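**Student:** Sequence and predicted structure below; questions after.
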Amino acid sequence: MDLIHRISSHFKESAELKLAVMESLAVPIAAAAERMLQCLMEDGKILACGNGGSAADAQHFAAELLNRFEMERPGLAAFCLTSDSSTLTAIANDYDYSLVFSKQVSALGRPKDLLLAISTSGNSRSVLEAVAAAHDQKMGVIALTGRSGGMVSENLWPDDIHICVPASSTARVQEVHILALHCLCDAIDCLLLGAE
């Protein structure tokens, strides 16, 4: 096995996918950034969730908003629903794992808030339940998915925003997801601070 060739192929595939979806994803990413800023300016908060690598992406995004991204600014109200192990394990143990995010959304979410729901397949039951709970709370949803968007895309409301990476490889989808999340952070900062 030629590892150098294999590694180079990963870089090439990742770069090619990012360039291929750049124009189609720029519009929903920009709309999501504007919606997130509106939420934050109206004293709302962003609740983020996902499983596995998407849990890490949700945590990463919340940290960039709550602390800072690349520009100095006050912290912004973002909260990751994947970070509290006591809450997650209590819900999973007492009820069912599929409810680990939705019970938090029901308890913490308010109509001014937004849910950032991340699922590479678009079929994660816990993320689907979170979307339903957000809608019950009259919250908007920004969904970050892959492939065809799965069940998440079928359960979004007309004013929700869907950022879907049309690729089948989980790794490639997640690589575009992290770029999209960085674009969201940068766009929020630029809108908030008036940067060029």
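**Tutor:** Sure, I can see it.
**Student:** Any buried residues in the longest helix along the chain, and which?
**Tutor:** The helix that spans the most residues within the chain, counting by DSSP state H, is helix 3-41. Neighbour counts using 16 or more other Cβ atoms under 10 Å place 14, 17-18, 21, 25, 28-29, 32-33, 35-37, 39-40 of helix 3-41 among the buried residues. Heads up, the C-betas are built off the backbone N, CA and C, glycines and all.
**Student:** From the contact counts, what lies against that helix?
**Tutor:** If you count contacts as 3 or more Cβ pairs under 8 Å, 6 or more residues apart in numbering; DSSP states H and E, helix 3-41 packs onto strand 46-49, strand 114-119, strand 140-146, strand 161-165, helix 170-193.
**Student:** Low-confidence bits of this protein, can you list those?
**Tutor:** Regions of the chain meeting the criterion pLDDT under 70 cover residues 196.
**Student:** Would you mind measuring from residue 101 to residue 50?
**Tutor:** 9 Å (Cβ to Cβ, to the nearest Å).
**Student:** The two: who's more crowded?
**Tutor:** residue 101 (32 against 28; other Cβ atoms under 10 Å).
**Student:** my guess is the more buried one contacts residue 127, does it?
**Tutor:** Yes: using Cβ atoms under 8 Å, residue 101 is in contact with residue 127, at 6.7 Å.
**Student:** Which residues are in contact with each of these two?
**Tutor:** Common neighbours of residue 101 and residue 127 (criterion: Cβ atoms under 8 Å, 6 or more residues apart in numbering): residue 49.
**Student:** Quote the end-to-end distance of stretch 162-181.
**Tutor:** 13 Å (Cα to Cα, to the nearest Å).
**Student:** contacting residues around that stretch?
**Tutor:** 10, 13-14, 17-18, 21, 25, 28-29, 32, 53-54, 57, 60-61, 64, 118, 120-122, 142-149, 152-153, 156.
**Student:** and it, how far from the chain's centre?
**Tutor:** 10 Å (Cα atoms, centre = their mean, to the nearest Å).
**Student:** got it, and stretch 35-52?
**Tutor:** 9 Å.
**Student:** go on, stretch 29-42?
**Tutor:** 13 Å.
**Student:** And stretch 104-114, by the same measure?
**Tutor:** 15 Å.
**Student:** Which of the residues in that stretch are classified as buried?
**Tutor:** 104-106, 109, 113-114.
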